[in-house]
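> Generate a structure from the sequence data that follows.
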Amino acid sequence: MSNIKQYITDNKERFIEELLEIIRIPSISADPAYKKDVANCAEVVAESLRKVGVQEVEILPTEGHPIVFGTHIIDPNLPTILIYGHYDVQPPDPLNLWLKPPFEPYIAPTEVHPEGAIFGRGSADDKGQFFMHVKAFEAMKANNSLTCNVKFLIEGEEEVGSAHLEDFVKNNHDKLKNDVILISDTHIYSKEQPSVTTGLRGLSYVEVSVTGPGRDLHSGLYGGAVPNPIHVLSKMIASLIDDEGHITIDGFYDNVEELSPEERSLMNELKDDPENFKNSISLREVQGEKGYTTLERIGIRPTLDCNGIWGGYIGEGAKTVIPSQAFAKISMRLVPNQTVEEITEKFTQYFKKIAPNTVHVQVKPHHGGLPYVLKSDTKEFLAAQRAMEKAFGKKVYPYRSGGSIPITSMFEKELSSKCVLMGFGMDTDAIHSPNEHFGISNYFLGIESIPYFFEEYCK
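Now for the predicted structure:
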């Protein structure tokens, strides 16, 4: 490994500049106006794999954006690691909140990254993180240190729900055959307490509408005599969580996995700093389900949140109307043993049940995904833990994240492989927000950790 570390050091500036080139491409999968840029980014990613010596590289079309796939087999008898990532990014809006244009990356220090961070849309999610694997592969190959076979699957639709990935996986079992799947699209708990993500929550996402009168009404002529859908919807949403942070939907907790005291104690070995947590997001006070720590509320408990609400007149000036309709988008994060179908149905029935008979209610399901857990006593987790401990020089903890990556459970079902979530971002990196960034030290700790994972897993 000393040769690999020296190779990484010798090529540090080039590794940074090559990442900046990829970040400069506005590969926004959600906006059709950027379709050519997304395709261009796929070409650049494919070329980066070819340049580092991956034997076979393909750009595979889907009904949406293409998948970049690479295969490098050194010995069919050795294990195969499949690396997953995505080259598409979130829209950068609101643009006025960016310190500099989102696709003109630059390096600047931050409080968390005093050595410097790369600012730009996609720097942490997920261009910087999947590109760590490309550079780690380069370093291993250049030093004749590859210990197993490698496959790369870099998609272009993760930020729009990986709409066509499942069909691709189902139709390509042989092409994707592997022993373990390595994903870097998560974060560490902190630099002082690095972690491997062992759990992700699932997701049920719905849109609701409340309809009162058949048209918008003059609030002077009708106010006080008819139901206001915004008022009704607001009360309904507020009633979904009680004063103890408990979700009131009938049967919502029926199948929730309850962790043992020992498991809860293990996850709370991470030193939760409430003041730092609050300060990092400019929050006055935390809240959540009674009887659980912040780590537990985020990692092992289901949640319900209103993500947006609208209706009536919101333009400049005043317009005195009682709106005909009000709308909201609601997400529910799921934990093991809860399914998308179960929770969506329970939400739908309950939401209609609590609606007053003065309005009509509709619930429209959107996308969803299952939770995922990798036990901390598995070969896959232990290889990641040992690898990161070598790179960081510190104890590495198991960590249950509150986020969702629905493709993990799909991968395990379709390919019979465990997913290792070995991410190197930080929760302060402002992913999906203006001024997204990725610490330079995190970038290189990732490049260093990945060869250690190959070594540990293939022992």
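
> From the geometric centre of the chain, which residue sits farthest away?
Relative to the centre of the chain, the most outlying C-alpha is that of Leu221, 48.4 Å out, by CA atoms, centre = their mean.

> Now the host helix or strand of that one: average pLDDT?
Per DSSP states H and E, Leu221 falls inside helix 219-222. The predicted model assigns helix 219-222 a mean pLDDT of 95.

> Contacts for it, please.
Outside helix 219-222, the residues within contact range by CB atoms under 8 Å, 6 or more residues apart in numbering are Pro213, Thr320, Val321, Ile322. (C-beta placed from N, C-alpha, C; glycine too.)

> any chance of the residues you listed in JSON lines, plus secondary structure?
Putting the contacts of helix 219-222 into JSON lines (DSSP: H, G, I helix; E, B strand; the rest coil) gives the following:
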{"residue": "Pro213", "secondary structure": "coil"}
{"residue": "Thr320", "secondary structure": "coil"}
{"residue": "Val321", "secondary structure": "strand"}
{"residue": "Ile322", "secondary structure": "strand"}
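
> Kindly indicate which of those lies nearest Ile440.
Nearest to Ile440 among the contacts of helix 219-222, counting by CB to CB, is Val321 at 52.4 Å.

> Can you name every helix or strand that the host helix or strand of Val232 contacts?
In this structure, Val232 sits in helix 229-238 according to DSSP H and E. Packing partners of helix 229-238 (3 or more CB pairs under 8 Å, 6 or more residues apart in numbering; DSSP states H and E): strand 202-211, strand 303-311, strand 325-334.

> Show me where the stretch 1-150 of the chain dips below the pLDDT cut-off.
Counting by pLDDT under 70, the stretch 1-150 of the chain contains no low-confidence residues.

> hey, where'd the helices end up in the stretch 301-450 of the chain?
340-353, 379-392, 407-415, 440-457 (DSSP state H, counting those that start in this stretch).

> Which strands and helices lie in contact with the longest one?
Going back to what we said before, that points to helix 440-457. On a contact count with 3+ CB pairs under 8 Å, 6+ apart, helix 440-457 meets helix 2-10, helix 12-23, strand 117-119, helix 128-142, strand 180-183, helix 379-392.

> Flag every buried residue along it.
For helix 440-457, a neighbour-count test (16 or more other CB atoms under 10 Å) marks 440, 442-457 as buried.

> do the shortest one as well
The neighbour-count criterion (16+ other CB under 10 Å) identifies Ile407, Thr408, Ser409, Met410, Phe411, Glu412, Leu415 as the buried residues of helix 407-415.

> got a list of contacts for it?
82, 84, 158, 162, 165-166, 169-170, 173, 176-178, 181, 183, 200, 202, 369-372, 417-419, 421.

> try it again with 6 Å
Helix 407-415 is contacted by residues Ser162, Leu165, Glu166, Val169, Lys170, Leu176, Ile181, Leu370, Tyr372, Cys419 when judged by CB atoms under 6 Å, 6 or more residues apart in numbering.

> cool, the longest one as well?
With contact meaning CB under 6 Å, 6+ apart, helix 440-457 is reached by 4, 8, 115-116, 128, 132-133, 135-136, 140, 147-148, 383-384, 386-388, 390-391, 424.

> Run the angle between that helix and helix 379-392 for me.
Calculated by axes from the mean of the first three to the mean of the last three CA atoms, to 10 degrees, helix 440-457 forms an angle of 130 degrees with helix 379-392.

> Determine how far helix 440-457 lies from the middle of the whole chain.
How far helix 440-457 lies from its chain's middle: 20 Å, per CA atoms, centre = their mean, to the nearest Å.

> Tabulate the helices of the stretch 301-450 of the chain in CSV, adding columns for distance to His187.
Formatted as CSV, the helices of the stretch 301-450 of the chain follow (distance: least, CB to CB, whole Å):
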stretch, distance to His187
helix 340-353, 24
helix 379-392, 13
helix 407-415, 15
helix 440-457, 9
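
> who wins for proximity to Met332 among the ones you listed?
Nearest to Met332, of the helices of the stretch 301-450 of the chain and by CB to CB, is helix 340-353 at 5.6 Å.

> List the buried residues for that closest one?
Val340, Glu342, Ile343, Thr344, Lys346, Phe347, Thr348, Tyr350, Phe351.

> May I see those arranged in CSV, with distance to Ser265 and pLDDT as well?
Listed next are these as CSV, based on distance: CB to CB, whole Å; pLDDT from 0 to 100:
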residue, distance to Ser265, pLDDT
Val340, 30, 95
Glu342, 29, 97
Ile343, 28, 98
Thr344, 33, 98
Lys346, 31, 98
Phe347, 32, 98
Thr348, 37, 98
Tyr350, 34, 98
Phe351, 37, 98
